[in-house]
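*Asks:* Structure here, sequence nowhere to be found:
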């Protein structure tokens, strides 16, 4: 269930319009993800206000153009189970050369936990065997998105 369901109809309309505009700009196949702020904005709009943890994957081609954006795992208020096998299968299915991971922290704390760091290491190692690069893992809240790559954690 999306966070938009609990909002008044006029607010849902504004958010849906913003997502549509940003989706046409970034979320459609072929959009170039070479601007870190645009990636942050895209992810904040999609994940920032979710009430439970949602893990997302942006699949990219060799030129960092979008192939697909998916939210394969949904969890509880404080955690989400993520399965590397399923991410690898989807990446191969999309013929992705690279991925960007993201998940939200409903608590509002935009800092990676030790578990987030360990998961990223595991995912990066699994995908490296398939020659798929992990470009980043962002922790998203309603007000910000923090890059683990920029923090030196990749």
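*Replies:* Everything's here; your move. Small disclaimer: the values here were computed from a predicted structure and weren't measured.

*Asks:* Pick out the residue nearest the middle of the chain.
*Replies:* Geometric centre of the chain, nearest residue: residue 102, 3.0 Å, by CA atoms, centre = their mean.

*Asks:* In three-state terms, label that one for me.
*Replies:* Secondary structure state of residue 102, per DSSP: H, G, I helix; E, B strand; the rest coil, is strand.

*Asks:* any idea how far residue 129 is from it?
*Replies:* 22 Å (CB to CB, to the nearest Å). C-beta: built from backbone N, CA, C; applies to glycine.

*Asks:* now swap in residue 18 and tell me
*Replies:* Relative to residue 129, residue 18 is positioned 38 Å away (CB to CB).

*Asks:* Pick out whichever of those two has more residues nearby.
*Replies:* residue 18 (12 against 8; other CB atoms under 10 Å).

*Asks:* my read: the more buried one touches residue 48, true?
*Replies:* No: under the criterion of CB atoms under 8 Å, residue 18 makes no contact with residue 48, lying 11.7 Å away.

*Asks:* got any ranges where the chain has weak pLDDT?
*Replies:* 1-7, 19-34 (pLDDT under 70).

*Asks:* hang on, the earlier thing: show me what contacts the residue nearest to the centre of the chain?
*Replies:* The neighbourhood of residue 102, defined by CB atoms under 8 Å, 6 or more residues apart in numbering, consists of 43, 47, 55-58, 137-140, 145.

*Asks:* Looking at those, which is nearest residue 97?
*Replies:* residue 58 (12.2 Å; CB to CB).

*Asks:* Who's the closest spatial neighbour of that closest one, skipping the chain neighbours?
*Replies:* Sequence neighbours aside, residue 100 is the residue nearest to residue 58 in space, at 4.3 Å (criterion: CB to CB, 6 or more residues apart in numbering).

*Asks:* Show me which of the contacts of residue 102 is closest to residue 112.
*Replies:* residue 139 (5.3 Å).

*Asks:* Beta-bridge partners for that closest one, please?
*Replies:* Beta bridges link residue 139 to residue 103, residue 146 when assigned by DSSP bridges.

*Asks:* I figured it was touching residue 108, is that so?
*Replies:* No: assessed by CB under 8 Å, residue 139 is found out of contact with residue 108, at 10.8 Å.
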